[in-house]
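**Q** Please find the sequence and the predicted model below.
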Amino acid sequence: MLPNSQIPEPSNPQKYSINCNGRLVQLDTPKIMGILNLTPDSFSDGGKFNNEKLALKHAEKLLKEGAEILDIGPQSTRPNAEFLSSEEEIGRMGNIISQIKKEFPEALVSLDTFYAETVKFGFNEGIDIINDISGGQYDKKIFDTAAETRLPYILMHVNPSYETMHDKIKFEDITLEVNRYFSEKTNELLQKGVHDIILDPGFGFGKTVEDQMKMIHEVNFLGFGKFPLLIGISRKSFIYKPLGKSPLEINEETQKLHMKVLEQGAKILRVHDVAEAKETLDQFLQKK
């Protein structure tokens, strides 16, 4: 845990909102973000939804179960995944974004990409949020594109290159490191005119099991309360590997951790299993 002298005072509870294409979305009540992978090689659901018909069907399921945001991923970021260019990402998506917006106009759609050109394509198709796992490090143009589109931007903590994305680094203090990174990157974004920023501490990306468990217990100190926090721990190895289980066998453990981060102020849960996360969220709201 942080030494007392280094623990920042948590801010008073914030009433966060984000502007999604002119639609003001309040985050006072946490949201569920359902994962919709279009990839043949994602870690736990590769190939299940990589055609338009199956993707639409799964989008409907996620929304019915309680997701308010759909996170569309054209490229897997698991260890040793196939690397795609922006052109390949765009080709893989086809018309799925516009089809989802047509079929489910109330749904918010985020696009999981680190390419500026893919963001531009997604913007023209109707996306509402940019979800960049790279923090602007893998394509230097993406911050400018975020400013041009005026879309909310999800900023994730990650190692500085695609090749080292999953290299385990033991930080002296992971909470201080993540906050240092958030401070630097949010300043860059604000200077470019990007004000709707969501912070993601990057569970599952280049961090030891110990550091990730430390972050779980110090979520309320991440980001200093200035921006809403997204937590993505669904099917992550820091949960299932120490237990000797598979990614699909850790729902109970995952929901306990979801409750812990909600109690510390997390505003978005990024998940594969929406129904289970929604049940946890409902339990949390009943306790408030």
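**A** Arrived safely, thanks for sending. Numbers count the residues shown, from 1 in each chain.

**Q** Asn95 against Gly122, yeah?
**A** No. If you go by CB atoms under 8 Å, Asn95 and Gly122 don't touch, sitting 11.8 Å apart. Any C-beta I mention is one placed from the backbone N, CA and C, and that applies to glycine too.

**Q** and the two? which has more neighbours close in?
**A** Between Asn95 and Gly122, counted using other CB atoms under 10 Å, Gly122 has the larger neighbour count: 28 against 10.

**Q** Where do the helices of the stretch 151-288 of the chain begin and end?
**A** 174-192, 209-217, 237-243, 251-263, 274-287 (DSSP state H, counting those that start in this stretch).

**Q** Which of these comes out lowest on mean pLDDT?
**A** Out of the helices of the stretch 151-288 of the chain, helix 237-243 stands lowest, with a mean of 91 (criterion: mean pLDDT).

**Q** Quick one: residues in contact with that one.
**A** Contact partners of helix 237-243, identified using CB atoms under 8 Å, 6 or more residues apart in numbering, comprise 203-204, 207, 209, 212-213, 233, 246-247, 249-250, 253-254, 257.

**Q** Out of those residues, flag the one nearest to Pro152.
**A** Phe203 (20.0 Å; CB to CB).

**Q** So that closest one versus Ile133, what's the distance?
**A** Counting by CB to CB, to the nearest Å, the gap between Phe203 and Ile133 amounts to 11 Å.

**Q** Greatest separation within the contacts of helix 237-243: which pair is it?
**A** Pairwise distances across the contacts of helix 237-243 (CB to CB) peak at 21.9 Å, for the pair Lys207 and Glu249.

**Q** Tell me which of these two has more neighbours.
**A** A count of neighbours by other CB under 10 Å puts Lys207 above the other of Lys207 and Glu249, at 27 against 12.

**Q** so the more buried one sits right up against Lys168, yeah?
**A** Yes. Taking CB under 8 Å as the definition, Lys207 is a contact partner of Lys168 at 6.9 Å.

**Q** which intervals of the protein have sub-threshold pLDDT?
**A** Scanning the chain for pLDDT under 70 picks out 1-14, 41-50, 80.
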